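Asker: Next comes the sequence, and after it the predicted model I'd like to discuss.
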Amino acid sequence: MQVNISIIISIIALFCTTLGVVIGFFTFTRNRDKDVKSDASELAIIRTKLDNINQGVENIRIDIKVEQKERLGLSERLIRLEESHKSLHKRLDDLEGMIDEYCLMIKNK
């Protein structure tokens, strides 16, 4: 009887151990699947945020190009304005010389 009880206890222990291994495996599998789903959703969120950041950077690049074109246009206008200003001063100097000559001519009469 002593041997039969020890065999029964051994069989019960082996059954419990096997049951524990099976439950542990199923728990591991279930948690692994949850982790994979969680990682996938986090990765999708990160990709979405990176896409939004990338779109923002592209918008900034476009704005910078527009600003550069406007600055180039203003620079060209400034150059033309400076040339016109220089021409105007030359004409004023010539006119001033003519007025001075006219004033001298009137005084000498």
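Answerer: Nice, I can see it.
Asker: quick one, strands of the chain?
Answerer: Assigned strands in the chain: none (criterion: DSSP state E).
Asker: where in it is pLDDT low?
Answerer: Applying pLDDT under 70 to the chain flags the ranges 1-3.
Asker: would you list every one of the helices in it?
Answerer: 2-108 (DSSP state H).
Asker: And for residue 24, the neighbour number?
Answerer: Here the number of neighbours of residue 24 (other CB atoms under 10 Å) works out to 10. The way it works is simple: take the backbone N, C-alpha and C, and place the C-beta from them, glycine included.
Asker: and it, how far is that from residue 38?
Answerer: Distance of residue 24 to residue 38, given as CB to CB, to the nearest Å: 21 Å.
Asker: same thing with residue 23?
Answerer: In this view, residue 23 and residue 38 are 22 Å apart by CB to CB.
Asker: what's the answer for residue 78, then?
Answerer: 59 Å.
Asker: what do you get for residue 93?
Answerer: Counting by CB to CB - residue 93 and residue 38 are separated by 82 Å.
Asker: next one: residue 70
Answerer: Residue 70 is 48 Å from residue 38, by CB to CB.
Asker: again, but for residue 6
Answerer: Distance, residue 6 to residue 38, using CB to CB: 47 Å.
Asker: Alright, I will stop here.
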